[in-house]
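Undergrad: coords please:
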Amino acid sequence: MTDQDPKYQSNQEHNNIPEGAVQSPTMEQGPENPVQPPMMAPGVEKPAPNTGLLTFVFFLNIGYLGLFIGSALMVGGWAIAFLFFLGLHLISYIIATVLLGIGRIFASKEILFVSVAFFFISMFLAGDPDWFLFRIPSIISTILVLIGTLLL
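TA: Numbers count the residues shown, from 1 in each chain. Coordinates of the predicted model:
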């Protein structure tokens, strides 16, 4: 004997399913089941890409900029003439290094390719062709950042 109200009508009876039958749960979200959220696997995360090379190049560039600016400050009055000829190179190298840091953190290939372009531009802005010494860090950074970006 059941203690149910005689006017009680279960959902299963409403859907023409006998009361004792077990109904299988629906897994997809759609017009039949708009309330159930989509199923997601718990704990599935995108693996972190390998950014070791980009991190190495980023800190190498920070060291180069520190050496560059530190040596320019130690020279004193000659620093103005020194920075006059290499100012555009320095500005584009700083922009490329900042973009490299941002692209490395967010693993954004677009930002890293723009960084490669700025490193390449800084190579041509290094001043007189006889000053090949200032083009070497730009060449190395361009190649390493391009390789690191392609490995992402």
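Undergrad: From the contact counts, what lies against the lengthiest helix in the chain?
TA: Ordering each helix of the chain by length in residues (DSSP state H) puts helix 78-106 first. Secondary-structure packing of helix 78-106 (3 or more CB pairs under 8 Å, 6 or more residues apart in numbering; DSSP states H and E): helix 52-75, helix 109-124, helix 136-150. For the C-beta atoms, the positions are set from N, CA and C on the backbone; glycine is no exception.
Undergrad: tell me the angle the first one makes with helix 78-106.
TA: Using axes from the mean of the first three to the mean of the last three CA atoms, to 10 degrees, one finds that helix 52-75 and helix 78-106 are set 160 degrees apart in direction.
Undergrad: Can I get helix 52-75 as CSV, trimmed to CA atoms?
TA: Provided in CSV are the C-alpha atoms of helix 52-75 (Å, rounded to 0.1, in the frame of the first residue of the first chain):
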residue,chain,number,x,y,z
GLY,A,52,62.5,27.3,-22.8
LEU,A,53,64.3,28.7,-25.8
LEU,A,54,62.1,31.9,-25.8
THR,A,55,62.8,32.4,-22.1
PHE,A,56,66.5,32.0,-22.7
VAL,A,57,66.4,34.6,-25.5
PHE,A,58,64.3,37.0,-23.5
PHE,A,59,66.8,37.0,-20.6
LEU,A,60,69.7,37.2,-23.0
ASN,A,61,68.1,40.3,-24.6
ILE,A,62,67.5,41.9,-21.1
GLY,A,63,71.2,41.3,-20.4
TYR,A,64,72.2,42.9,-23.8
LEU,A,65,70.0,45.9,-23.1
GLY,A,66,71.5,46.3,-19.6
LEU,A,67,75.0,46.1,-21.0
PHE,A,68,74.2,48.5,-23.8
ILE,A,69,72.5,51.2,-21.7
GLY,A,70,75.0,50.7,-18.8
SER,A,71,78.0,51.2,-21.1
ALA,A,72,76.4,54.2,-22.7
LEU,A,73,75.9,55.8,-19.2
MET,A,74,79.4,55.0,-18.2
VAL,A,75,80.9,56.8,-21.2
